[in-house]
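K.L.:
Sharing a sequence plus its predicted fold:
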Amino acid sequence: TSTVLKMLSLLFLGDHYLRFSACFLQMYLFHGLNCSEAFILVVMAYDHYVAICRPLHYLVLMTPQTNAALAASAWLTALLLPIPAALQTFHMAFNNTVHIYHCFCDHLVAVQASCSDTTPQTSMGFCIAVVVSFLPLLLVLVSYAHILASVLRISSREGRSKAFSTCSSHLLVGTYYSFIAIAYVAYRADLSLDFHIMGNVVHAILAPVLNALIYTLRNKDVKAAITKMACPQGPGNSGTLDP
């Protein structure tokens, strides 16, 4: 919602202009919400670790108060982290009209459009990308290494299957970190600007779509509704009662 609506107006309505204040608000919302998802995935990894590796202590370790504290910490950190970069970029020198070769106000693209020295801001953006992508990814990998070791020690095949099923969707959504790395860390490489734009578009659109699809298709009610739509005359969908 922070980027796609403006993208659509840019593509179909020809609305190529955005106020400076709106541009920096979009920048903050985009990066803040991205950080929140990255940190919440770490919290989910810890929750799965406790559920599978220490199941008898789960209710003691993951109390409602603990869950609320972990979620609040993830959101608070994520919403505070982009503020320095956004504020410092806002105070950089720009011309009255700035042309940004992108489809939304990404931090590093806005920095490169400035008349000021871009080195400090570019370095800050790179450091934030590392904190938001590689550090959480490392924590997730450590968590799932312990989970995998615990699952392999389960003797029954049904138990292993159930444990893997609990984490499968999270492992797929974990590709989110690779999208962040491609989109932002690639700025340090000598690659074409079109590559950076495509990486950002994939990161901004494909990752949320995959997120919604993966969790939606795991919902039993949604799967039942899709089955009913695909096979309206199938068993149990005829709408008649057995005598």
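P.N.:
Perfect, I can see it now.
K.L.:
drop to CA atoms for contacts and neighbour counts, all remaining ones
P.N.:
Will do.
K.L.:
Count the residues that sit near Gln26.
P.N.:
21 (other Cα atoms under 10 Å).
K.L.:
should've said Arg153
P.N.:
Neighbour tally, Arg153, other Cα under 10 Å: 9.
K.L.:
in the chain, which segments are predicted with low confidence?
P.N.:
Applying pLDDT under 70 to the chain flags residues 15, 159-160, 162-193, 218, 232-243.
K.L.:
Tell me where it has helices.
P.N.:
Under the criterion DSSP state H, the chain contains helices at 4-12, 20-53, 58-61, 64-80, 83-90, 107-112, 119-152, 157-173, 176-184, 193-201, 207-217, 220-230.
K.L.:
List the buried residues of the first one.
P.N.:
Residues of helix 4-12 classed as buried: Lys6, Met7 (neighbour count, 16 or more other Cα atoms under 10 Å).
K.L.:
and what of the fifth one?
P.N.:
Taking 16+ other Cα under 10 Å as the neighbour-count basis, helix 83-90 is seen to contain the buried residues Ile83, Ala85, Ala86, Thr89, Phe90.
K.L.:
From the rest of the structure, what touches stretch 16-25?
P.N.:
Stretch 16-25 is contacted by residues Leu10, Ala86, Phe90, Phe104, Cys105 when judged by Cα atoms under 8 Å, 6 or more residues apart in numbering.
K.L.:
Swap in 6 Å and give it another go.
P.N.:
Stretch 16-25 has contacts (Cα atoms under 6 Å, 6 or more residues apart in numbering) with Leu10, Cys105.
K.L.:
Report the distance from that stretch to the chain centre.
P.N.:
Mean-position distance between stretch 16-25 and its chain equals 23 Å (Cα atoms, centre = their mean, to the nearest Å).
K.L.:
Of all the helices of the chain, which one is nearest His99?
P.N.:
Closest approach to His99 among the helices of the chain is made by helix 107-112 (9.1 Å; Cα to Cα).
K.L.:
Can you give the distance of that closest one from its chain's centre?
P.N.:
Remark: helix 107-112 is offset 21 Å from the chain centroid, using Cα atoms, centre = their mean.
K.L.:
Could you export the buried residues of helix 83-90 to CSV, including columns for distance to Leu213?
P.N.:
Converted to CSV, the buried residues of helix 83-90 look like this (distance: Cα to Cα, whole Å):
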residue, distance to Leu213
Ile83, 31
Ala85, 32
Ala86, 31
Thr89, 35
Phe90, 36
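K.L.:
one step back: and Thr97, which of the helices of the chain is closest to it?
P.N.:
Judging the helices of the chain by Cα to Cα, what sits closest to Thr97 is helix 20-53, at 9.3 Å.
K.L.:
Buried ones in the closest one, by neighbour count?
P.N.:
23-24, 26-53.
K.L.:
what does stretch 129-138 give?
P.N.:
Under the neighbour-count criterion of 16+ other Cα under 10 Å, stretch 129-138 has Ala129, Val130, Val132, Ser133, Leu135, Pro136, Leu137 buried.
K.L.:
is it true that Ala93 touches Ala113?
P.N.:
No: assessed by Cα atoms under 6 Å, Ala93 is found out of contact with Ala113, at 9.4 Å.
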